[in-house]
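Novice: sequence and predicted structure, then a few things I'm wondering about:
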Amino acid sequence: MTTAIPVHLGARSYDIHVGAGILDQLDELVPWPTHARTAVVITNGVVADHYGGRVAAAIERAGLVVRSIRVPDGEQAKSTDTLAQIWQRMAGVPLLRDDVVIALGGGVVGDLAGFAAATWNRGVALVQVPTTLLAQVDSAIGGKTGINLAQGKNLVGAFHQPLAVISDVEVLATLPSRERRAGLGEVAKYGFIADPVVLDLLEDRPGSATAGDPAVLAEIVRRGSTVKAEVVSEDEFESGRRALLNYGHTIGHAIESLTAYDTYRHGEAVGLGMVAAAQLGERLGISEPGLADRTISVLDGLGLPTRGLRLDPRDVWQVMARDKKARDGVRFIISERPGKAIVIDEPRRSLVDDIIRGLA
């Protein structure tokens, strides 16, 4: 069964399609531009070997010529060098204004291909085909695209909404176990900010979730995508409620940056960030008692790190101050209780320092 979840953005509205085996329905599910003749599929080598053939066949059934651009795997690929190489390859195709970019892969590919689509010919159509759990529930939805600089994550980017998001949960079965667990860390975020049932699912069936049970993952992706779609529909450009989606990311992004993006997966860093946020919320009297312990329990059940972080708080503050969410100081997202979160202005630094040291 395929579920279509609408993202309501006026002329930029689109559907998120969630189902098993729907890579082969790409030709039917995507509202292809009338005058499109070519689709450039941007992907990495591993994903291309697994799914590139099926995706290309579906695009060809839609009547388009397919060209493929492979990019390196890993967060380091979100660089100006890789982006320039993509632009050069697009020029060689040539990719015209009516044509389409297909982002086939995880969050790195989605961000990179999305930004290439946003900037090529002042913007060409984009289809997101996420193949990781984290990308299916988060990064492929909402139009955020971008690349990293040495000074911080996603510092250069654009909002560029896709024509459609095609989330085939069947592909999650081939993910490495660590990648799947990291995605579940991002999923837990939705439980703390909007949908407590997500936490119930993760607590009741952690083994099924981490093992890749298709039925459990389908429900997780459907619930996570629904929350993301509702928030983005209300606040496309992150001027209000959308900031809540950054729960766990304020410190999480700093952790990723300070460990050169090669120690923690994104969902792992966000998990540590959620532990810090829950502890901060309790210390400030905002979060209900026990939230931090529940956060640790959920993450422990998923096999995600909740301690072992050794960073100098002064370095963490330096990175957080460059975060694009900073406004008159570093803002934090705090969960009051599962299903409800708020944004707070910069708290007392010594309190945050204690919490960062406590994660060791």
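Specialist: Okay, I see it. Numbers count the residues shown, from 1 in each chain.
Novice: what mean pLDDT does the strand or helix carrying residue 41 have?
Specialist: Taking DSSP states H and E as the definition, residue 41 sits inside strand 38-44. Strand 38-44 carries an average pLDDT of 98.
Novice: list the helices and strands that strand packs on?
Specialist: On a contact count with 3 or more CB pairs under 8 Å, 6 or more residues apart in numbering; DSSP states H and E, strand 38-44 meets helix 53-61, strand 65-71, helix 80-92, strand 100-105, helix 107-119. To be clear about C-beta, it is placed using only N, CA and C from the backbone, and glycine gets the same treatment.
Novice: so for the second one, mean pLDDT?
Specialist: Just to be clear, that refers to strand 65-71. For strand 65-71, mean pLDDT is 98.
Novice: in it, which residues are buried?
Specialist: By neighbour count on 16 or more other CB atoms under 10 Å, the buried set for strand 65-71 is 66, 67, 68, 69, 70, 71.
Novice: just put the residues you listed in a markdown table and tack on distance to residue 228.
Specialist: Output for those, formatted as a markdown table (distance: CB to CB, whole Å):
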| residue | distance to residue 228 |
| --- | --- |
| 66 | 29 |
| 67 | 30 |
| 68 | 28 |
| 69 | 27 |
| 70 | 28 |
| 71 | 24 |
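Novice: ok, the residues you listed vs residue 344, which is closest?
Specialist: Taking CB to CB as the measure, residue 344 sits nearest to residue 71 out of the buried residues of strand 65-71, at 37.6 Å.
Novice: if I look at the closest one, how far off is residue 118?
Specialist: Distance of residue 71 to residue 118, computed by CB to CB, to the nearest Å: 16 Å.
Novice: again, but for residue 323
Specialist: 21 Å.
Novice: and what of residue 141?
Specialist: For residue 141, the distance to residue 118 (CB to CB) stands at 16 Å.
Novice: more crowded one of the two?
Specialist: The neighbour comparison of residue 141 against residue 118 (other CB atoms under 10 Å) goes to residue 141, with 28 against 20.
Novice: now for the residue lying closest to the more buried one once chain neighbours are set aside: which residues touch it?
Specialist: The spatially closest residue to residue 141, leaving aside those adjacent along the chain, is residue 228, at 4.5 Å (CB to CB, 6 or more residues apart in numbering). By CB atoms under 8 Å, 6 or more residues apart in numbering, the contact list for residue 228 reads 137, 138, 141, 142, 190, 245.
Novice: CA atoms of stretch 172-189 as PDB?
Specialist: Only the C-alpha atoms of stretch 172-189 are listed here, as PDB (Å, rounded to 0.1, in the frame of the first residue of the first chain):
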ATOM      1  CA  LEU A 172      15.800   0.500   4.100                       C
ATOM      2  CA  ALA A 173      16.400  -3.300   4.500                       C
ATOM      3  CA  THR A 174      19.800  -3.000   2.800                       C
ATOM      4  CA  LEU A 175      21.000  -0.200   5.000                       C
ATOM      5  CA  PRO A 176      24.000  -1.000   7.300                       C
ATOM      6  CA  SER A 177      22.800  -1.500  10.900                       C
ATOM      7  CA  ARG A 178      24.500   1.700  12.100                       C
ATOM      8  CA  GLU A 179      22.900   3.800   9.400                       C
ATOM      9  CA  ARG A 180      19.500   2.500  10.300                       C
ATOM     10  CA  ARG A 181      20.000   3.100  14.100                       C
ATOM     11  CA  ALA A 182      21.200   6.600  13.400                       C
ATOM     12  CA  GLY A 183      18.100   7.300  11.400                       C
ATOM     13  CA  LEU A 184      16.000   6.200  14.300                       C
ATOM     14  CA  GLY A 185      17.700   8.800  16.400                       C
ATOM     15  CA  GLU A 186      16.300  11.400  14.100                       C
ATOM     16  CA  VAL A 187      12.900   9.700  14.200                       C
ATOM     17  CA  ALA A 188      12.900   9.900  18.100                       C
ATOM     18  CA  LYS A 189      13.000  13.700  17.700                       C
END
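Novice: that concludes my questions; thank you for your assistance.
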